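Enquirer: what's the 3D shape of this:
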Amino acid sequence: MKKIFLSLFVMSTLQIYAQKTINIFNYSSYNLINSLVGADQTNNCYPSISGTNYPIPVPPSGAVSYTGYYNSQLQSPSINTWDVILAPNNGSVQPSNSPLLIALGASTDWMMNKFYVSDPSGAPLYYSGASIGTIGCGNPLVTSLTPTPTTPYPFEAFWFVAGGQTYFVIQP
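Expert: Next up is the predicted model:
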């Protein structure tokens with residue numbers, strides 16, 4: 001019996017550590033507001049998981065990391081619940097301490113960030129919002145957003161994966 005409990009403990013511990021980490025760095029002078037999405041992109045983007053307490057703010061020169069979805073309420077800013085869509089017409093809202101998120105963390109990865117920036121002084125910003133990552137299931141990966149004459153973003157943004165972790169960086 002002890003071996004069974006020990007095996008279950010080891011498996012659950014490994015599953016927690018199998019979850020992917022996303023690191024968000026805001027090197028700009030703007031407030032960064034995020035909406036994070038994860039999915040299994042090898043299975044028509046099911047399951048799909050997105051934080052329900054949008055927006056997730058990161059102040060100027062700030063950073064935040066989320067090690068998966070499970071226990072994301074312990075981070076600051078917290079993500080208390082997640083919209084989980086397992087298949088078409090099969091969705092639910094899960095608290096961030098739901099054991100389902102442990103299994104989903106092992107089978108999904110961070111897919112994209114829908115975000116915008118706002119001026120701390122309250123001044124309006126044009127072209128202040130965008131999406132980065134895999135914008136839609138099966139679509140190409142968008143790894144950078146740079147200002148152009150047609151989209152004069154007030155920032156540059158980068159999305160990349162290194163060492164098994166996802167990074168989102170925004171800078172002037």
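
Enquirer: quickly list what the spatially most central residue of the chain is bridged to.
Expert: With distances taken as CA atoms, centre = their mean, residue 36 lies nearest the centre of the chain, 3.4 Å away. Beta-bridge partners for residue 36, by DSSP bridges, are residue 113.

Enquirer: from residue 29, how far out is it?
Expert: The gap separating residue 36 from residue 29 is 22 Å, by CB to CB, to the nearest Å. No exception for glycine: its C-beta is placed from N, CA and C like everyone else's.

Enquirer: now swap in residue 163 and tell me
Expert: Taken as CB to CB, the span from residue 163 to residue 29 is 29 Å.

Enquirer: among those two, which residue is more densely surrounded?
Expert: residue 29 (15 against 6; other CB atoms under 10 Å).

Enquirer: give the buried residues for stretch 38-52.
Expert: Residues of stretch 38-52 classed as buried by neighbour count (16 or more other CB atoms under 10 Å): 38, 39, 40, 41, 45, 46, 47, 48, 49, 50, 51.

Enquirer: average pLDDT across it?
Expert: Mean per-residue pLDDT for stretch 38-52: 92.

Enquirer: hey, where'd the strands end up in the protein?
Expert: Under the criterion DSSP state E, the chain contains strands at 21-26, 31-39, 48-51, 56-58, 62-67, 81-87, 90-95, 109-118, 129-134, 141-142, 144-145, 156-162, 165-171.

Enquirer: need the contact list for the nearest residue to residue 75 once chain neighbours are set aside.
Expert: Of all residues not flanking residue 75 in the chain, residue 66 sits nearest, at 5.8 Å (CB to CB, 6 or more residues apart in numbering). Residues counted as contacts of residue 66 (CB atoms under 8 Å, 6 or more residues apart in numbering) are 21, 22, 36, 72, 75, 79.

Enquirer: roughly how far does residue 66 sit from residue 142?
Expert: Here the criterion is CB to CB. By it, residue 66 lies 20 Å from residue 142.

Enquirer: please consider this matter closed, and thank you.
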